[in-house]
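In: got a sequence here, can you model it:
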Amino acid sequence: MELRLPHNWQPRDYQRPLWDYLERGGKRAIMIAHRRWGKDDLILHRTACAAFERPASYWHMLPLQTQARKAIWTAINPHTGKRRIDEAFPSELRENTNEQEMFIRFKNGSTWQLIGSDSYNSLVGAGVAGVTFSEFALANPSAWGYIRPMLEENNGWATFITTPRGKNHAHAMYEMALKNPAWFSAISSIEDTGALTPEQVEESIAEYTAMYGEDIGRAQFEQEYLCSFNAAILGAFYAREMTAVRNEGRIDATLEAISAPVHRAWDIGVRDDTSIWWFQVVGGQVYVLDCYSTNGVGVDHYAEIIEQRAAENGWRHGTDFVPHDAKVKEWGTGRTRIETMLSFGLNPEVVPQAGLLDSINATRRTIPRCVFHARCETGISALEQYRREWDDEKKVFKANPLHDFSSHYADAFRYMALAWRTIRPVIDNKPVIQGWQPAMMRRPVAKDRIKI
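Out: So this is what the prediction gives:
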């Protein structure tokens, strides 16, 4: 079947480098681009081509499944009055469309579906050949770890498109891609594209300033339109504390547990994720050694993971700190979660009880004492993104946290913050971080670069 770009669509000049890279068969790309750059539109049209070049399954992932419907499936192009998916995937190319599942089957056998990173581990993709991670900076980074083996098996491609959200996992991926010649990596701000007129720029700054105030408003404009990684995530509970973790070099790939028990803090989910942090209390510091989160499995799975971590790292088992609801009997078993954990050789202990705000404050006081192993990057990103929910109608933050992947890691960390002071500290005479210097003595970080 001869394929032409739908409705004579053509990439804009500044979109060409990414388009050409994917058209030539590039497999890995990360594009950090400003609002209104056209990131999703470009990928949707490129996926339409890919679906007819290679019959297979293709996914377009947003952070939340509910966002996917609003941002892509039902979204209207204001310039044409047509749905974005109808422009990218015209009806004459389709065999059928499932509105409920946001799924399209094409006449050549390819399929395309909108999905959310909040349900990544329910995906089955034996034939997936292309995945787009839209707004990756707000997505669950574990989704990439889950999907990557599928793509490698199928020689498929993955594209990550996003605006910055602080120096989290998206920033780390961009930094990695800069050093890897197999990747496409670029930052594209309005200064690079000229997509906004000076009048539109001033209007946008005025809107952000009116909504958030002068300082935060300008920082948010720089994040959204100048692609700055330095603005904190709006509403983040631990923005200041986690910024200090990165600036002070308290993420250390050489951090090792000392010869003492390694404890674990749990957030036990029923329908949601169960998350675990591994840690030690060493002098006045907390060594945060690892983290893990998944769902849809029983306590036996987590017990197995804990044994694996212990065997791989030579860790001695410590205490499993769990929330108060672990004492509740589960329907159908007649046993509490604590009893179930004991049956698998774990050592549960209920953390001191505290309200949400008190435990958040305890976490704020704990993070400055923490040194994280680099393997905790997913959990670190979660702590950076743990934030208040935004009320779009009232234009204010709600008191309650947004419920997404970050909340499970953050809840488990809150229980650690309530538990660690009850543990008798041990002493380590070795320096925690080799060559570490206070932030004021560190050299300034080089300006972000572009590599195409």
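In: with adjacent residues omitted, what lies nearest to Ile268?
Out: Once flanking residues are discounted, Ile268 sits nearest to Thr274: 5.4 Å by Cβ to Cβ, 6 or more residues apart in numbering. Placement of C-beta: from N, CA and C, glycine included.
In: ok, the one you found - contacts?
Out: Trp266, Asp267, Ile268, Ser293, Thr294, Asn295, Tyr302, His408 (Cβ atoms under 8 Å, 6 or more residues apart in numbering).
In: tell me which of those has the lowest pLDDT.
Out: For the contacts of Thr274, the least confident position by pLDDT is Asn295, scoring 83.
In: spatially nearest residue to that residue (excluding sequence neighbours)?
Out: In space, and not counting its chain neighbours, Asn295 is closest to Asp273: 4.6 Å by Cβ to Cβ, 6+ apart.
In: wait, the one you found sits on Gly296?
Out: No. Counting by Cβ atoms under 8 Å, Asp273 does not reach Gly296; the two are 9.1 Å apart.
In: out of the two, which sits in the busier spot?
Out: Legend: neighbour count by other Cβ atoms under 10 Å for Asp273 and Gly296, higher for Asp273 (22 against 11).
In: look up how far Thr197 lies from that one.
Out: Noted for Asp273: a distance of 45 Å to Thr197, by Cβ to Cβ, to the nearest Å.
In: and if you look at Glu248?
Out: 41 Å.
In: tell me which of these two has more neighbours.
Out: Counted by other Cβ under 10 Å, Glu248 and Thr197 do not tie: Glu248 has more neighbours, with 17 against 10.
In: sorry, back to before: give the contact list for the residue nearest to Asn295.
Out: Asp267, Ser293, Thr294, Asn295, Phe405, His408.
In: give me the pLDDT for it.
Out: pLDDT recorded at Asp273 is 84.
In: next: the one 4 residues further on.
Out: Per-residue confidence for Trp277 comes out at a pLDDT of 98.
In: tally of neighbours for it?
Out: Trp277: 26 neighbours (other Cβ under 10 Å).
In: begin at 274 from now on, thanks
Out: Let's use 274 as the start, then, which means that last one is Trp550.
In: ok, it touching Ser566?
Out: No. At 9.6 Å, Trp550 does not count as touching Ser566 under the criterion of Cβ under 8 Å.
In: what do the two both touch?
Out: What both Trp550 and Ser566 touch, as defined by Cβ under 8 Å, 6+ apart, is the set Gly652, Tyr682, Ala685.
In: which residues touch the second one?
Out: Contacts for Tyr682 (Cβ under 8 Å, 6+ apart) come out as Asp540, Ser548, Trp550, Cys564, Ser566, Thr651, Gly652, Ala655, Leu656, Tyr659.
In: doesn't it belong to a helix?
Out: Yes. Counting by DSSP: H, G, I helix; E, B strand; the rest coil, Tyr682 falls inside a helix.
In: which residue packs closest to it, ignoring adjacent ones?
Out: Nearest non-adjacent residue to Tyr682, counting by Cβ to Cβ, 6+ apart: Ala655, 3.6 Å away.
In: pretty sure the one you found contacts Pro674?
Out: No. Contact criterion Cβ under 8 Å: Ala655 and Pro674 do not qualify, at 11.4 Å.
In: the two: which is more packed in?
Out: Ala655 (28 against 19).
In: all the helices of the stretch 374-523 of the chain, residue numbers only.
Out: Applying DSSP state H, counting those that start in this stretch to the stretch 374-523 of the chain gives helices spanning 415-427, 442-451, 463-466, 471-485, 487-498, 512-520.
In: ignore what I typed, I meant the stretch 624-725 of the chain.
Out: Using DSSP H, counting those that start in this stretch, the helices of the stretch 624-725 of the chain run over 629-639, 650-658, 678-692.
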